[in-house]
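1. pasting the structure only:
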């Protein structure tokens, strides 16, 4: 029988390079929040839609946001899940390329794109945080592209669970805010495949499913890492 390993995992992967040297002080965090407008969204509510003017970018204070695109045949592809501390919605053009929706009741800070330069000038530490967030988002997008194109269903779900465990900071217990349909649309799978694969992972002793349905306990982290590659 595989023993349950309790591993303390940080909420967010540490930013690379010199950006990791800078830490937000309470004062600089307050300054960054003062520059943004606090907005609350209920579960399922849209923050912005694809094609809308990208006048704002956002930082998640609490809750979860899914960034997705609806394909021409009606299928949905979820590009990313934004968790507390993540910054998103900063576009290269004048319009949003994706739609953002609240997975659960969510609070964000909205920053005017037109004030981007003055925000960085007035608060360089927040600028470092923004740059770190963008680099991490790019890394996740690159990893997601490999996941969609090359990994099996079991490998995809192992990668997803390990990533969520790192970002949600609940050690071997992962309380997922999203439904299995969201996981399927993020990993390019059907909901039946997600459910079947999770059940197989339970039989293999890799995870346990709590009675709540969305809580997953990692029983064999080394085994999941082997699947993750």
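-> Thanks, I have the structure now. Note that the coordinates shown come from a computational prediction; the quantities given were computed from them, not determined experimentally.

2. Residue 42: neighbour count?
-> Neighbours of residue 42 under the rule other CB atoms under 10 Å: 10. Backbone N, C-alpha and C define where each C-beta goes, glycine included.

3. scratch that, residue 132 is what I was asking about
-> Residue 132 - counted by other CB under 10 Å - has 19 other residues nearby.

4. and it, what element?
-> Here residue 132 sits within helix 124-150, counting by DSSP states H and E.

5. could you give the mean pLDDT of that helix?
-> Averaged across helix 124-150, the pLDDT comes to 86.

6. And that helix, what does it pack against?
-> With contacts taken as 3 or more CB pairs under 8 Å, 6 or more residues apart in numbering; DSSP states H and E, helix 124-150 sits against helix 26-34, strand 76-82, strand 87-88, helix 116-122, helix 153-168.

7. Check which residues of the longest one are buried.
-> So the one you mean is helix 153-168. Within helix 153-168, the residues scored as buried using 16 or more other CB atoms under 10 Å are 153-165, 167-168.

8. contacts for it?
-> Contacts with helix 153-168, where a contact means CB atoms under 8 Å, 6 or more residues apart in numbering, come from 9-13, 83, 140, 143, 147, 151, 171-172, 174-176, 183, 186-189, 193-194, 197-198, 200-201, 206-207, 216, 218, 221, 224-225, 227-229.

9. show me where pLDDT drops low in this protein?
-> 1-34, 170, 212-213, 229 (pLDDT under 70).

10. how about a cut-off of 90?
-> For the chain, the stretches flagged by pLDDT under 90 are 1-36, 70-75, 91-93, 113-134, 136-150, 168-173, 210-214, 228-229.

11. gap between the residue nearest to residue 43 when sequence neighbours are not counted and residue 40?
-> Computed as CB to CB, 6 or more residues apart in numbering, the closest residue to residue 43 that is not its neighbour in sequence is residue 104, at 5.1 Å. With distances taken as CB to CB, to the nearest Å, residue 104 is found 12 Å from residue 40.

12. before we move on, the earlier item: export the helices and strands packed on helix 124-150 as CSV, with columns for distance to residue 55.
-> What follows is these, written out as CSV (distance: least, CB to CB, whole Å):
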stretch, distance to residue 55
helix 26-34, 19
strand 76-82, 18
strand 87-88, 14
helix 116-122, 11
helix 153-168, 28
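
13. Give the buried residues for the helix holding residue 132.
-> 125-133, 136-137, 140, 144, 147.

14. Among those, which one sits closest to residue 93?
-> residue 137 (16.7 Å; CB to CB).

15. got the contact list for the closest one?
-> Residues in contact with residue 137 (CB under 8 Å, 6+ apart) are 80, 86, 87, 88.

16. related to what we said a few turns ago, tell me what angle the helix holding residue 132 forms with helix 153-168.
-> 170 degrees (axes from the mean of the first three to the mean of the last three CA atoms, to 10 degrees).

17. I'd like to check the angle between helix 124-150 and strand 76-82, please.
-> Using the same axes, to 10 degrees: helix 124-150 against strand 76-82 is 140 degrees.

18. if we can go back for a sec, part of a helix, is the residue nearest to residue 43?
-> No. In this structure, residue 104 is coil, not part of a helix, as judged by DSSP: H, G, I helix; E, B strand; the rest coil.

19. Test my guess that it contacts residue 177.
-> Yes. Between residue 104 and residue 177 there is a contact at 5.1 Å, judged by CB atoms under 8 Å.

20. neighbour count winner among these two?
-> Set residue 104 next to residue 177 and count neighbours by other CB under 10 Å: residue 177 wins out with 18 against 14.

21. on that earlier part again, shared neighbours, residue 104 and residue 177?
-> Common neighbours of residue 104 and residue 177, using CB under 8 Å, 6+ apart, are 63, 64.
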